[in-house]
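**Student:** heads up, no residue letters with this:
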């Protein structure tokens, strides 16, 4: 993981033409004023219709954010983040072990898990590297644009129910979630000590919260293989790396977990006593993104244009969004289109009276959540290549 320098917000020319790479055709999906764009066509059988390929082998696929038109992201358009080859697991062969600092370690199979009391949780997942293409200099990681984010309904069993069944011992502090996906990294990424499984940990307090699920369904259907079939974790309110896919082990531990994906990857600098210390990425930060207009879209002069987008925050609700159509010189309130749903995104719109005079214009959106946190205007370089939440300029051509 490289380190990003502070990223300013130019008022006119962005110098980021590659932001539109892979999404040039999305301008055609932009809605007429007052309308929502139609979803992209279905594509081939068994594929991921409408997604943008960011990497092959393993596949990393991005939702075309400009096509945003539904509260729940269809399974076939939900972004895919994979580090290693997708493991092939049959539901009849799957087993989950619960072990470590517990009184009664146990193992259960797929049918036993599905017989337990279930709950459905709406939750947004966002890769902590979403919008990485904005960072300067270019980063080693997947260069996501706006679409490494999605919102879905997840059905499964609360992790807390399994931990209670196992009996967490006094002194336990964290819960490690280990997936079946495994592999090794070499340069230019930090090297792994041979083959490792993807694993992340949660503080025990978070692990015991009801919104942390062991999910087996996504939007009412069994999980697709790329999204963790047969069972994955869904850690609502936290960045996507915490929602471990292809789950196979739950390990309760009496000391902090310092595995590769907890310390070498998905970390940011935190200033403690004047010294920078690496800490794991955790809660989703408040953020908004404009879906339409798209970068470099041609907007008719003198006509009304419906600016449309989404905003979200981790463990808080989005309370307001404001929009600027002049590069941040002035701001106007946007209209939130729906009631807040905890852990989900909210859509917003703003009627832009497009100037009669042609030329380049820069639009921006800025969200504030119920904790009073507001999207920053400037990039914090201590966040390295993660948590890219600063206000994102969208430059368009008025003619």
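**Tutor:** Noted; the coordinates are in hand. Values in this document were obtained by computation on a predicted structure and should not be read as measured data.
**Student:** ok, what's across the strand from the residue nearest in space to the middle of the chain?
**Tutor:** Nearest residue to the geometric centre of the chain (Cα atoms, centre = their mean): residue 126, 0.5 Å. Residues in a beta bridge with residue 126, per DSSP bridges, are residue 149.
**Student:** What residues does it make contact with?
**Tutor:** Shown in contact with residue 126 (Cβ atoms under 8 Å, 6 or more residues apart in numbering): 148-150, 239-240, 284, 287, 312. Using the backbone N, CA and C atoms, a C-beta is placed for each residue, glycine as well.
**Student:** ok, the residues you listed vs residue 372, which is closest?
**Tutor:** For the contacts of residue 126, the minimum distance to residue 372 (Cβ to Cβ) is 15.1 Å, reached by residue 287.
**Student:** how about low-confidence regions in this protein?
**Tutor:** Residue ranges of the chain with pLDDT under 70: 1-49.
**Student:** Could you identify the helix or strand that succeeds the biggest helix by length in it?
**Tutor:** In the chain, with assignment by DSSP state H, the single longest helix is helix 159-166. Using DSSP states H and E, the helix or strand that follows helix 159-166 towards the C-terminus is strand 174-183.
**Student:** packing partners for the longest helix of the chain?
**Tutor:** strand 95-100, helix 204-207, strand 212-218, strand 247-253 (3 or more Cβ pairs under 8 Å, 6 or more residues apart in numbering; DSSP states H and E).
**Student:** Which strands or helices does the last one pack on?
**Tutor:** Contact partners of strand 247-253 among helices and strands, from 3+ Cβ pairs under 8 Å, 6+ apart: strand 95-100, helix 159-166, strand 174-183.
**Student:** Determine which stretch of the ones you listed is the most buried.
**Tutor:** Stretch with highest mean neighbour count among those: strand 174-183 (a mean of 22; mean count of other Cβ atoms under 10 Å).
**Student:** Neighbouring strands of it in the sheet, and parallel or not?
**Tutor:** When DSSP bridges is applied, strand 174-183 pairs with strand 196-203 (antiparallel), strand 247-253 (antiparallel).
**Student:** Which residues does it contact?
**Tutor:** Contacts of strand 174-183 (Cβ under 8 Å, 6+ apart): 82-87, 89, 100, 159, 163, 192, 195-204, 207, 228, 232-233, 242, 244-253, 255-257, 259.
**Student:** That strand vs helix 159-166, what angle?
**Tutor:** For strand 174-183 against helix 159-166, the angle by axes from the mean of the first three to the mean of the last three Cα atoms, to 10 degrees is 110 degrees.
**Student:** what angle sits between strand 174-183 and strand 95-100?
**Tutor:** Calculated by the same axes, to 10 degrees, strand 174-183 forms an angle of 140 degrees with strand 95-100.
**Student:** Adding neighbour count and distance to residue 77, write the contacts of residue 126 out as TSV.
**Tutor:** Formatted as TSV, the contacts of residue 126 follow (neighbours: other Cβ atoms under 10 Å; distance: Cβ to Cβ, whole Å):
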residue	neighbour count	distance to residue 77
148	26	12
149	26	11
150	26	7
239	24	20
240	24	15
284	27	20
287	28	20
312	23	17
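**Student:** Please identify which of these is nearest to residue 265.
**Tutor:** Distance to residue 265, by Cβ to Cβ, is smallest for residue 239 among those, at 11.9 Å.
**Student:** Not counting residues beside it along the chain, what's closest to the closest one?
**Tutor:** Nearest residue to residue 239 in three dimensions, chain neighbours excluded: residue 128, at 4.0 Å (Cβ to Cβ, 6 or more residues apart in numbering).
**Student:** Find the helix or strand that the one you found is a member of.
**Tutor:** Going by DSSP H and E, residue 128 is not in any helix or strand.
**Student:** do the same with residue 262
**Tutor:** helix 260-263.
**Student:** Now do that helix: which elements does it pack against?
**Tutor:** Counting contacts by 3+ Cβ pairs under 8 Å, 6+ apart, helix 260-263 packs against strand 196-203, strand 275-280.
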